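1. build me a model from this:
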Amino acid sequence: MYGKIGKTIKSLAAVIAVLEVLVAVVAGVVCMFGGSTGIITGIVIIVLGTVLAWISFVMIYGFGELIDIAAKIEYNTSSYEDKATCEQADKVSDKNSKYAEAERLREEGVISEEDYKKQEAFERLFGNKS
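-> Numbering: from 1, shown residues only. Prediction:
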């Protein structure tokens with residue numbers, strides 16, 4: 001149940017909306033035929049109850065969708081980090097480092113190994129001077 005909480009919330013949103021519509025219809029019919037409030041009041045209760053059920057459905061369903069999207073982002077991020085070694089993850093997370101940028105360019109073949117070693121030596125001597 002907790003593994004797919006977004007899907008569970010979306011399903012509950014539909015069940016709650018159906019129950020709200022049923023309650024609104026029953027209350028409206030009771031007002032129209034069983035009470036002294038009149039037919040107009042019964043129709044208003046049915047219409048407003050249905051509209052409020054739809055609004056609550058959209059809000060609860062949207063919340064479930066947000067949870068699903070957050071879970072997908074977490075899954076995609078964690079599986080990327082699982083593939084990277086600790087050293088690579090540290091270099092990727094330090095986006096302001098020229099050393100990390102130089103390593104990325106070296107891995108892509110944009111700069112040579114010699115240029116990379118010059119950048120590495122500069123970083124070790126002087127630190128990150130952006």
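2. ignoring the adjacent residues along the chain, who's closest to residue 21?
-> The spatial neighbour of residue 21 that comes closest, neighbours along the chain excluded (C-beta to C-beta, 6 or more residues apart in numbering), is residue 53 at 4.8 Å. Placement of C-beta: from N, CA and C, glycine included.
3. so the one you found touches residue 22, yeah?
-> No: taking contacts as C-beta atoms under 8 Å, residue 53 lies outside contact range of residue 22: 9.0 Å.
4. for those two, indicate the residue with more neighbours.
-> residue 53 (19 against 12; other C-beta atoms under 10 Å).
5. centre of the chain to the helix or strand encompassing that one, how far?
-> Using DSSP states H and E, residue 53 sits within helix 39-83. Averaged C-alpha coordinates place helix 39-83 at 12 Å from its chain's average position (C-alpha atoms, centre = their mean, to the nearest Å).
6. counting by contacts, list what that helix packs against.
-> Where contact means 3 or more C-beta pairs under 8 Å, 6 or more residues apart in numbering; DSSP states H and E, helix 39-83 is packed against helix 5-29.
7. what sits up against the helix it packs on?
-> Helix 5-29 is contacted from outside by 1, 42-46, 48-50, 52-54, 56-57, 60-61, 63-68, 71, using C-beta atoms under 8 Å, 6 or more residues apart in numbering.
8. and with 7 Å instead?
-> With contacts defined as C-beta atoms under 7 Å, 6 or more residues apart in numbering, helix 5-29 is touched by 1, 42-43, 45-46, 49-50, 52-54, 56-57, 60-61, 63-65, 67-68, 71.
9. buried ones from those, can you make that a PyMOL selection?
-> In PyMOL syntax, the buried subset of those is picked out as below (16 or more other C-beta atoms under 10 Å):
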select buried, resi 42+45+46+49+50+53+57+60+61+64+67+68
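10. look up how far residue 58 lies from the closest residue to residue 46 other than its chain neighbours.
-> With sequence-adjacent residues excluded and distances taken as C-beta to C-beta, 6+ apart, residue 46 is closest to residue 28, at 3.5 Å. Using C-beta to C-beta, to the nearest Å, residue 28 is found at 21 Å from residue 58.
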